[in-house]
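> no sequence on this one, just coordinates:
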């Protein structure tokens, strides 16, 4: 029996259907890739937000910390040049900017001191030209390290300034943290007291407001904080750019347990 082949019309129909099927498959594939990219970018954006809130929360909760000495109103730690630390400026809040000041953890223990040289335990890594905070239960001061000499179990820190007072053994020596948060060109900038800047991208804007207790009522404000020691909480609004889509999230950080 003679076998009949495909006609030209049938061949054209077959090729046409094959093209349509291949296009559908490619659309599905491209769509799945785009969906995966969107999920990945969304995850990355959410991860960045979590990181932003974690950094801010850790910093804000430590604001004002300086070891066993508790900051009190109208008492200023001895400053270094323009750098100062007091009860009133532990948190400096404007609508779009935030500055936080505190001693870092962990700290090293002061073992001995001379006019502009101190010997400390080796727990904390110190670097040349960084600001440190020396404090005990009676007061403290900010100093600048000009040279670090690493010994087997101790560190010798040469200071740019002479110590303002005598500190007994067991005083604490920490990094002086002064982090300034602001947004510039769609990046959240975190600038420390030594001029180092960490940037987090895709942040369109950031807004800060704070809460204080007045006449037994909780009041919110976004004007410049004049008495940071009374701030019991900070609200943060972050506007993110997520591949053209805007995302706004809020986070509240309580300081009531810190102030007790």
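Arrived safely. The structure displayed is predicted, hence computed values, not measured ones. Residues are numbered from 1 along each chain as shown.
> Not counting its neighbours along the chain, what's nearest residue 138?
Leaving aside its chain neighbours, residue 138 sits nearest to residue 69 (6.8 Å; criterion: CB to CB, 6 or more residues apart in numbering). Bear in mind the C-beta positions are built from the backbone N, C-alpha and C, glycine included.
> what's the answer for residue 55, then?
Spatial nearest neighbour of residue 55, excluding adjacent residues (CB to CB, 6+ apart): residue 190 at 6.9 Å.
> quick one on the thing from earlier: run through the residues that contact the residue nearest to residue 138.
By CB atoms under 8 Å, 6 or more residues apart in numbering, the contact set of residue 69 is 135, 136, 137, 138, 139, 140.
> And those residues, which of them are buried?
Buried by 16 or more other CB atoms under 10 Å: 135, 136, 139, 140, out of those.
> just the residues you listed now: which is nearest residue 170?
The shortest approach to residue 170 among the buried ones among the contacts of residue 69 belongs to residue 136, at 7.4 Å (CB to CB).
> Tell me the spacing between that closest one and residue 186.
When distance is defined by CB to CB, to the nearest Å, residue 136 is 44 Å away from residue 186.
> likewise residue 62?
Here residue 62 is placed at a distance of 28 Å from residue 186 (CB to CB).
> If you count surrounding residues, which of the two has more?
Per other CB atoms under 10 Å, whichever of residue 62 and residue 186 has more neighbours is residue 62, with 18 against 14.
> What does the pLDDT read for the more buried one?
The model reports residue 62 with a pLDDT of 92.
> List the contacts of the closest residue to it other than its chain neighbours.
In this structure, residue 62 finds its nearest non-sequential neighbour in residue 102, 4.4 Å apart by CB to CB, 6+ apart. By CB under 8 Å, 6+ apart, the contact list for residue 102 reads 59, 62, 63, 64, 65, 66, 90, 177.
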